[in-house]
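Enquirer: Provide a 3D model corresponding to the input given below.
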Amino acid sequence: MKPSPLLLTALFVTGCLGGGSSEVDQPLEDHPIPFGMGIDVLVDDDFGTLSGRRVALVCNAASVGRGDVPSWELLNRSGNVELAWLYAPEHGLGADSFGSLGDSVEGATGLPVRSLYGRGRAPDPTELDGLDVLVYDLNDVGVRFFTYTSTLYLCLAACREAGVPLVVLDRPCPLGARIGGPLPDGVSGSFVGKLPIPIRYGLTPGELALMIAGELLPGAEVEIVQLAGYDPLSYYDEQGGEPNWRPPSPNLIRFEGALVYPGVGLFEPANLSVGRGTQKPFERVGAPWLDAEGLALYWEAHCPGAAYTTVEFTPRRPSDGRYDGEPCRGVEILLTDRRLFDPLLLAVYGYDFLTVRHAGTLSVDVRYLQRMVGDDSLNRLIAGGIGVEELIALWGAGADDFAESVEPYRLYPLDR
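Expert: Numbers count the residues shown, from 1 in each chain. The predicted model follows:
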């Protein structure tokens, strides 16, 4: 598939197959075209694809263009786009809240803000009847169980029902194009992983929207305002101009946390702290009872590309309520080689260690873990029903199958 230079419009009604590889993580040498977010490309095009249209925008505080100007401000002052209201996903418009949220008003513009994490998880299709377009501009993480993948699916489903196109202002996949983790079957009912995609799925929001339309929601209309100068083999902070990391949620405050989130996030169903309530959420794992030295040594032996340091930390008012005010023994993860490091190995070898060393202390919500993983493979590892090597091979096969199936939906070539 050869995308147009700036904008791709497609109506997908059937799926298709292609070839690909999950081991794509070597960056290009340079960026011959200046890097620009989808919103920047839209502005440079004088809002061409939205000109004269009445729109609503799915966004939050990380939805910014050049100069860190919010996308809703750019659309609102464009003069040729009618911005009717905003939709805010989990964590609200400020990307700084927890739990269900009600509707509100954006202070600077007076635009209504309708919550997608309160009265429902998706736009009401009847609300979309008065729009020409729903615009989606969210900075995702590239991890299936981060809920914006579910939000994208639900927005596209509502658009299909209402007969309204979804326009995605594309953004990078922060973790690059590398794919990893098991491949679930079908669309689930879980908000922490509705889609049949691996944990680390390696697609931009625009590419993921095309895949959803092509494979899961035939007849849905998607328009993509593509990134300019984007290198899919590079991480977010390696793109041309090194864009600033804007947290998409209150606990992904540092890009270093996003880099290890695919693996560390899988410890949330266990009685462990993942650093919520500290200055480095998702960069550390701990508990008052943890053999931190033993875990650090085990990770060093099996999870290359990072240094593992034992630390003591005390969570303060953590959003998960885990060990509030209690000193924890923990391990902090510092990446030394991003392209050698595989964050999912942290979960695999971490649980392998914990089930032996702390067999009487470790507690896991198996239903929650299965929703996050997408299948029961990690639960089977914990229960002794599958070995580490077999699990890694299973996940690798799923990642390879997915890489092949989504090749037709890639907008940014992986070949150099």
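Enquirer: from A383, how far out is the nearest residue to Q370 once chain neighbours are set aside?
Expert: Leaving aside its chain neighbours, Q370 sits nearest to D376 (5.3 Å; criterion: Cβ to Cβ, 6 or more residues apart in numbering). C-betas here are computed from N, CA, C, even on glycine. Remark: distance between D376 and A383 (Cβ to Cβ, to the nearest Å) = 9 Å.
Enquirer: so which of these two has more stuff around it?
Expert: D376 (16 against 12; other Cβ atoms under 10 Å).
Enquirer: could you pull out the helices for the stretch 101-250 of the chain?
Expert: Taking DSSP state H, counting those that start in this stretch, the helices of the stretch 101-250 of the chain run over residues 148-162, 205-215.
Enquirer: export those helices as a markdown table, with columns for mean neighbour count.
Expert: What follows is those, written out as a markdown table (neighbours: other Cβ atoms under 10 Å):
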| stretch | mean neighbour count |
| --- | --- |
| helix 148-162 | 22 |
| helix 205-215 | 25 |
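Enquirer: out of those helices, which is closest to V192?
Expert: Of all these, it is helix 148-162 that lies closest to V192, at 7.4 Å by Cβ to Cβ.
Enquirer: packing partners of that closest one?
Expert: The contact analysis (3 or more Cβ pairs under 8 Å, 6 or more residues apart in numbering; DSSP states H and E) places helix 148-162 against strand 133-136, strand 166-169, helix 205-215, strand 221-225.
Enquirer: now the angle from that helix to strand 221-225?
Expert: Helix 148-162 and strand 221-225 meet at an angle of 130 degrees, taking axes from the mean of the first three to the mean of the last three Cα atoms, to 10 degrees as the criterion.
Enquirer: and helix 148-162, how far out from the chain middle?
Expert: Centroid separation for helix 148-162 versus its chain: 16 Å, with Cα atoms, centre = their mean, to the nearest Å.
Enquirer: tell me the pLDDT at the residue nearest to Q370?
Expert: Here the pLDDT value assigned to D376 is 97.
Enquirer: what does L414 give?
Expert: If you check L414, the pLDDT there is 90.
Enquirer: do you know how far it is from S234?
Expert: According to Cβ to Cβ, L414 stands 11 Å off from S234.
Enquirer: swap in L295?
Expert: The gap separating L295 from S234 is 31 Å, by Cβ to Cβ.
Enquirer: repeat for E283
Expert: Distance from E283 to S234, by Cβ to Cβ: 21 Å.
Enquirer: who's in contact with the residue nearest to A270 when sequence neighbours are not counted?
Expert: Among residues not flanking A270 along the chain, V364 sits closest, at 4.8 Å (Cβ to Cβ, 6+ apart). Residues near V364 by Cβ atoms under 8 Å, 6 or more residues apart in numbering: P269, A270, N271, N379, I382.
Enquirer: could you do E293 as well?
Expert: By Cβ under 8 Å, 6+ apart, E293 lies in contact with T310.
Enquirer: could you look up the SS state of it?
Expert: Of the three states, E293 takes helix under DSSP: H, G, I helix; E, B strand; the rest coil.
Enquirer: same check, this time on T310
Expert: Per three-state DSSP, the local secondary structure of T310 is strand.
Enquirer: gap between the closest residue in space to it that isn't next to it in sequence and A61?
Expert: Ranked by Cβ to Cβ, 6+ apart and with sequence neighbours excluded, the top spatial neighbour of T310 is A292, at 4.4 Å. Relative to A61, A292 is positioned 34 Å away (Cβ to Cβ).
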